[in-house]
Each structure stands twice: as structure tokens, then as C-alpha cells.
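Student: one predicted model, sequence on top.
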Amino acid sequence: MNSRRRRSSAYRRHGWVRRIGVASLAALCVAVSGGAGALAYFFPAIVTALKVTGQTIHPQSSPGGDVAAANAADASTKQPFTLLLLGSDNDAKYGGQLLTQSMILCRVDPVTKQVVMLSIPRDLYVPLSTGGNNKIDYAYSYGQASAAVATVENDFQVHVDHYAWIGLLGLVNLIDKVGGIDVVATNPVLDDFYPQDLTGNNPYAYERVAVLPGAQHLTGMQALEYVRSRHGDIRSDFGRSQRQQQVLLALRAKAKLLGLADLPSIADAMANDFNTDMSLSDVAALLPIASNVQLANVHQVLLLPPDTSSATVGNADVLMPDWNLILPEVHQYFPS
Amino acid sequence: MSRRLQVLVALVLLAAFAFGVNRFLASRQAHIAAASSPVEAKPVIILPGTLYLASNGDLFRLSHGTFTDLHMPKRAGTWMQPAVVPGSQNIVAVARQDAYSEVYLVSGTGKVLQQLSHNKTASATIQLNHWMFWPTVAADGNTVYVSYDAPKSPQSYEIEFAVWKGALNANLAARQWTTPFSYTGGDTESVPLANGNVLYAKYEIDGGNVFSRLALQTSPLRAPVYLTDSTSDCSQPAVSPDGTQVAMICGNGTGLQSTSLQIASLTGSTLGPPRTLIAGCLCASPSWAPDGSGLAFLNPADATGHFQLWWIAGAAGALPKKPLQVTYGLDFDGTSPPAWAP
């Protein structure tokens, strides 16, 4: 009698264990299944993200040291950090040598959500980290991001924690992917010699551009015309720099719409036109900061005359820096 | 049920679950809603008179609370900036191509009556093309003012708009009326006044600052009278039907992504102190109702950034009503002020 009761009790215990085991297995299967579904969704983005993030750069003669190895401050550590944004053409007009049409040095404080944006004129005539003197936009051409970062670090005596590079088509695709941006165009932006290098068959051809003034909704290509045009603006590159900062702010506004589920389509849009030395986690930590920064907390800096003055070197029109004026201004916001 | 069948069913269910998770994530993407056609929309109120608006390269008429597509010919380009022709049922409007734009006379039902400009060059030199924008017709129904990039050397980088005066029944740009500042973008958005003066936005660049001021041109090519200062950065003037109020869009020199809608009294060549109707918006293109009962303007309503039609009843009065969003889900051209006929 007793042994029968013991057997029955053991059988019941065994049954519970079995049921728990089956339930656990079922839960595991469901989790694996869901994970597989999510992985299939994010896989292309993960591949792209791994490809374009965490780039290693090798600064030449940079006082800042090896950026990737310096355990740099970044968005994920909540420490203020300095980011060099590089924008360049990505056509074959210069035999594959890409110039940076835009260089914006950003200081981001993740805690106070303050941002300083300093536009570096592309025609600034400086010593390059690769040797010799030239316009600063040639730094990327001679040594890609490594040289661009090192040149900025050397000349401006600042430490750059990270860089991010975007090509023209990447910018166009990104803006289109977020449904266009709203920009208050500062003035009529007219250009009869706008490069027709993204459309048409002749990269040396021109087209006419007219971006009308005032608040408006721009597609990626229209936004590119707005930030890239310079011939009809008395400020030439300075005007363009100001408009580039505007478009960054407009994109920031659109970042609020985006979530994790948008990563695959964004990654697809920018696959060949974006790279950075930031890790994937740094990029992920930066996105919410970017979307939460208030306009009032964004300080925009341009290196206008007398910080710079026009000159001619050889046949090239350049901007000569007055470092005695520039460096104190830069060091107000960017630590060395 | 055999064990094999159970395993098979379980696998199918798991695969379906995986697919469901995948599609759920896809559904969580930010929905950048495509704008509807105005003809599918019902304005929340009936506005007085007849409005002509530009959306998605086409022109639409809003009358008695119903939008009508004017079905402008696509081959002419992107249609924009309609303006009423006083004393007629017609409008003038711009059709923009890649390298030039033309002004057309169009009937109120959308029939192209006449091409008024010829800005397309037969030459392969693209710089010989021209732009014309913001045509406006004076009260006589014939005198036209338009912003036009004047003929220039095709080798020159310089290009900016000046306001030109012409006639519907003759040359549209017969005489240059204003002298723009070089390499600034120039003079835009002219409004002919009853006394023969022309109010417009004049762009200027001073050091690192770019701004516009409302300017009054009393005679051709003379120095204008400025009605606003550089720091308020005002443009897009719209004069009330009785000529006593000016609505304008001001950037206040922020250079950022914000504008304000302001109005001020106009007495002769003096503008009174401005009153801000809305601040911190992306307001654009104000236009007074022909009976003076209120002010329409364009402004995005949400993060999609598509510009909707808004209305402020009693805008000229001491106690204007709260701004009312008239349309939802549409996408009007922010650079095309609504043209308003009685």
C-alpha cells in the first residue's frame, strides 16, 4: 500500500518535471523562432552596420594619438566628445580621389545636450598631415579619414574622438528615406554652375539650380542642391557651410520619427555612402541624443573674415587662416 | 495525432511565429505618410471666395469647401505660385522646368490661355535660360511684376533676382524695377500697392548674416525705403485688401529652423510695430482673404513636414482667433502663397 502511494507520488512529481520541461522547451523554441524572425529582419542592417562602423583609422603625426585605440569619449560613456563630420562627393570626377566638400567639427555633451558645430571651410589653406600645404579638403583625398582627422587635430590643436563620413548620394538617400526635410531657406540660392555629377552622363557638366527662400519641404536632391550650391552666394563656401548646418538640424528633427525598426532601411539607403570609426553601440547611443537636442542648445560657429582671408596660391583661390584669431575661438568649445 | 505530425505542426507554427515577428518589426517602421491629393480632402471650414493652391506640381482650386484639380499640363513643368488677375476669372502661374521657368495665363478652370514668357534658350549654353517667379498682377488687371534673373554674361557666376515690371498684353519683363544686391539671391515676392509703389522682400548679406527686409520701391531702380530691419529678417509680404495691414514671415535672424507670422499696420511708407500671430513655426506664404476677414498661410502640422493650409479669422483685429488647421494630410508647396479671388 505504502509502496504504491510512493510510486504514485513519484509519478506525479515526474509528471510535473516533464511538463515543466516541455513548457520550457516550447518557450525556448518560441524564443528562438522569434529571434530568428528578428534576426532575419535586422540581418542586412547588422551586416551593413558592422561593415561601416568601427573603422580603424591611422592618424599620421597626430597629437591626438590613435583615435580608435584611445578609448575615446563617446555617446555611450556620457562624456562630452568631439566628432568630425565629413561630407564628400563620391563620383569619379577626380579619378576616385574624393574631396571633402564639408567638414563640420561637432562637440556633443550627452548630459547637458549641448552641441557646438564648427564648419571648417573647404578652401582653408593649411599644412596637411600627409605633408605639404594645400586646401584642407585635399586631406581626405590624400589619406581618407585618417588624414582628415589628423589634419584637423594638428592644425586646430583639438582632439577628435570620432569621425563620420557620408557621401552625397548617402545624404540624398537618407533624406528621402525620412520623407524629406523641412528647411527655412535663408535666401534664394541660385547657381548656374551647379555640378551635374550625380545625374547625367558627363560629371563635368553643369546644371541650373534655384532653391527659393522660406520654409519648405525638400527632397534629398533638393536638399543637396541647397547645401552644395555656392557660386551665386557672395559668401561662397561660408554660405554653404551655414546651409549644411541647417540641413543637419533639419535631419535631427526627423530623427525623432525613427526607431529601431527603421535601421534596415536606413542602412540599405546608406550602405555604400557612410562610414565611421564609432562602434555600433556608439552610433545607437548617439541617435537619441541627436533627436533630443533642442535648437536653442545648438551653437553654430563659422570661420568668417577676419578669421580667414582670401588669397591665391598658384592658380587656386584659397582661404588663409589667421590662427591667432581662430585657435582661441575654437578652444572655447573644443578641448585639445 | 502521431508524434511526427505533432512535430511538423509545431515547426509550422514556429515558422509562422518567426515570420510574424519579422513582419511586426517591419510594421514598426516610421510611417512617412504620403500626402493625399487635395481633391480627396475636406477642409474643416469653408473659407470665403476662391483659393488657388499649388501641390505636387499641380494647381488646385478651393471653393465652397471643395478642392478641384485643375489638371495643369505636366509637360509644362511643375506648376506653382498662382496669382489672381484682378477683374477677371483668370490667374497667372509659374511652370518650372529644370533650368528655367515660364509664366502662363490660365483660366480659373485650368485652361492654359497664353504663355506669357519665353525663358527657355535654344542654345546649349544652359546659363542663357532664365527663371521667373512670384508673378503678381496689379489692380488694373494688366500690369505685372515678377522676379526675374536678368540676362547676363554666360561666363559670370553672378545670378540674382530683380523685380521687373511688365504687362500681360505685352512684354512680361519690360523694365527692371529694383536693383538687387549682388550674389545675395536678390529681390523677391513683390506686391503692387494701390498707390503704384511696390512692396517686396530684399535679400542682403552682411558678413556672416543673411537676411531679408521688406522694401518699398517708389520709382524704378531708386534706393528703396526699408520697412523692416535686418535683425527681424522679414519676407513674404501680403497686403490686406484695404491696404492697411501687412502680413509677413520673419526669421528673426536665427538662421535656424523657425519662423514667425507677424502683421503690422501700413501707413504710406511706414510700417507700424509688428504683432506676432504665431512664433516658433515653419509658417510660410501668408495670404489675406479678399474680404479681409482673415489670413491664410501654410505650415506643417506634424513631423511629416507636409505643409497644410491654416487660417486665422480676424487676423487684422485686436483679438484674432486661434490659428485653425484647415487641411490634413495634404502637401502644399511652401513657396507658393495661396492666390485668393473674391
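Tutor: That came in fine, so what should we check first?
Student: centre of the chain to stretch B:234-251, how far?
Tutor: 14 Å (CA atoms, centre = their mean, to the nearest Å).
Student: so does it get close to chain A?
Tutor: Yes - Stretch B:234-251 lies in contact with chain A when judged by CB under 8 Å from any CB of the partner chain; the contacting residues are B:Ser235, B:Gln236, B:Ile249, B:Gly251. C-beta coordinates here come from the backbone N, C-alpha and C atoms, glycine included.
Student: hang on, the last one packs against A:Asn187?
Tutor: No - the pair B:Gly251 and A:Asn187 fails to qualify as a contact (CB atoms under 8 Å) at a distance of 10.2 Å.
Student: who's more crowded, these two?
Tutor: For B:Gly251 and A:Asn187, the more surrounded residue by other CB atoms under 10 Å in any protein chain shown is A:Asn187, and the numbers stand at 27 against 24.
Student: relative to A:Thr151, how far out is the more buried one?
Tutor: In this structure, A:Asn187 lies at 32 Å from A:Thr151, with CB to CB, to the nearest Å as the measure.
Student: now swap in A:Asp282 and tell me
Tutor: Applying CB to CB, one obtains 23 Å for the distance of A:Asp282 from A:Thr151.
Student: more neighbours, those two?
Tutor: A:Thr151 (30 against 21).
Student: residues in contact with the more buried one?
Tutor: Contacts here follow CB atoms under 8 Å, 6 or more residues apart in numbering or on different chains; on that basis A:Thr151 touches A:Val126, A:Pro127, A:Leu128, A:Ser129, A:Thr130, A:Ile136, A:Ala139.
Student: dihedrals phi and psi, it?
Tutor: Dihedral pair for A:Thr151: phi -60, psi -50, per degrees, to the nearest 10.
Student: what values do phi and psi take at the closest residue to it other than its chain neighbours?
Tutor: What sits nearest to A:Thr151 in space, not counting adjacent residues and going by CB to CB, 6 or more residues apart in numbering or on different chains, is A:Ala139, at 4.0 Å. Main-chain torsions, A:Ala139, degrees, to the nearest 10: phi -60, psi -50.
Student: A:Ala139 against A:Gly131, yeah?
Tutor: No - under the criterion of CB under 8 Å, A:Ala139 lies out of contact with A:Gly131, with a separation of 10.8 Å.
Student: between the two, which is the more surrounded one?
Tutor: Between A:Ala139 and A:Gly131, counting by other CB under 10 Å, A:Ala139 is the more crowded of the two (30 against 12).
Student: the more buried one and chain B, how far apart?
Tutor: Separation of A:Ala139 from chain B (CB to the nearest CB, to the nearest Å): 24 Å.
Student: who are the contact partners of that residue?
Tutor: Shown in contact with A:Ala139 (CB under 8 Å, 6+ apart): A:Thr100, A:Leu128, A:Ser129, A:Thr130, A:Ala147, A:Ala148, A:Ala150, A:Thr151, A:Val152.
Student: tell me where chain A has strands.
Tutor: Assigned by DSSP state E, chain A shows strands spanning A:81-88, A:100-109, A:114-120, A:125-127, A:133-135, A:162-167, A:181-185, A:189-195, A:206-211, A:214-218, A:274-276, A:298-302, A:308-313, A:316-321.
Student: circling back to that earlier point, among the residues of stretch B:234-251 next to chain A, which are in strands?
Tutor: Among the residues of stretch B:234-251 next to chain A, the members falling in strands (DSSP E) are B:Ser235, B:Gln236, B:Ile249.
Student: so what's the first one bridging to?
Tutor: With DSSP bridges applied, the residues forming beta bridges to B:Ser235 are B:Ile249.
Student: and it, how many neighbours does it have?
Tutor: As a measure of burial, B:Ser235 has 24 neighbours, counting by other CB under 10 Å.
Student: quick check, it in contact with A:Ala215.
Tutor: No - if you go by CB under 8 Å, B:Ser235 and A:Ala215 don't touch, sitting 10.5 Å apart.
Student: what parts of the stretch 101-250 of chain A come near chain B?
Tutor: When proximity is defined by CB under 8 Å from any CB, the stretch 101-250 of chain A lies next to chain B at A:178-184, A:186-193, A:206-208, A:210, A:212-217, A:231-235, A:238-239, A:242, A:246, A:249-250.
Student: one more pass at 7 Å, please.
Tutor: When proximity is defined as CB under 7 Å from any CB of the partner chain, the stretch 101-250 of chain A approaches chain B at A:178-184, A:186-190, A:192-193, A:206-208, A:210, A:212-217, A:231-235, A:238-239, A:242, A:246, A:249-250.
Student: ChimeraX command to pick out the buried ones of those?
Tutor: Selection of the buried residues among these in ChimeraX, burial being defined by 16 or more other CB atoms under 10 Å in any protein chain shown:
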select /A:178,179,180,181,182,183,184,186,187,188,189,190,192,193,206,207,208,210,212,213,214,215,216,217,231,232,233,234,235,238,239,242,246,249,250
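Student: quick one: contacts for the residue of the stretch 1-150 of chain A found nearest chain B?
Tutor: Taking CB to the nearest CB as the measure, the point where the stretch 1-150 of chain A comes nearest chain B is A:Gly37, at 3.3 Å. By CB atoms under 7 Å, 6 or more residues apart in numbering or on different chains, the residues touching A:Gly37 are B:Ala18, B:Phe19, B:Gly20, B:Val21, B:Asn22.
Student: and the residues you listed near chain A, which?
Tutor: The subset of the contacts of A:Gly37 lying close to chain A, counting by CB under 7 Å from any CB, consists of B:Ala18, B:Phe19, B:Gly20, B:Val21, B:Asn22.
Student: filter the residues you listed down to the ones in helices?
Tutor: B:Ala18, B:Phe19, B:Gly20, B:Val21, B:Asn22 (DSSP state H).
Student: tally of neighbours for A:Thr312?
Tutor: Residues near A:Thr312, counting by other CB under 10 Å: 8.
Student: for it, which residues make a bridge with it?
Tutor: Under the criterion used (DSSP bridges), A:Thr312 bridges to A:Asp317.
Student: tell me where the model's unsure across chain B.
Tutor: Counting by pLDDT under 70, the low-confidence segments of chain B come to B:1, B:29-33, B:253-256.
Student: can you give me the helices for it?
Tutor: Under the criterion DSSP H, helices of chain B are mapped to B:3-27.
Student: chain A contacts on the stretch 151-300 of chain B?
Tutor: Neighbours of chain A within the stretch 151-300 of chain B, by CB under 7 Å from any CB: B:157, B:159-161, B:182-186, B:188, B:203, B:205, B:207-208, B:210, B:212, B:235-236, B:249, B:251, B:255-259, B:282-284, B:300.
Student: just the buried ones from those residues?
Tutor: The neighbour count (16+ other CB under 10 Å) marks B:157, B:159-161, B:183-186, B:188, B:203, B:205, B:208, B:210, B:212, B:235-236, B:249, B:251, B:255-259, B:282-284, B:300 as buried among these.
Student: counting neighbours, what do you get for B:Ser293?
Tutor: 17.
Student: quick one, phi/psi of it?
Tutor: Backbone torsions for B:Ser293, taken as degrees, to the nearest 10, come to phi -80, psi -10.
Student: pretty sure it sits against B:Pro48.
Tutor: Yes - with the criterion set as CB atoms under 7 Å, B:Ser293 and B:Pro48 qualify as a contacting pair; they are 6.1 Å apart.
Student: show me what contacts the closest residue to A:Pro44 other than its chain neighbours?
Tutor: Spatially, and ignoring its direct neighbours in sequence, A:Pro44 is nearest to A:Pro264 (5.5 Å; CB to CB, 6+ apart). Residues near A:Pro264 by CB under 7 Å, 6+ apart: A:Tyr41, A:Phe42, A:Pro44, A:Ala45.
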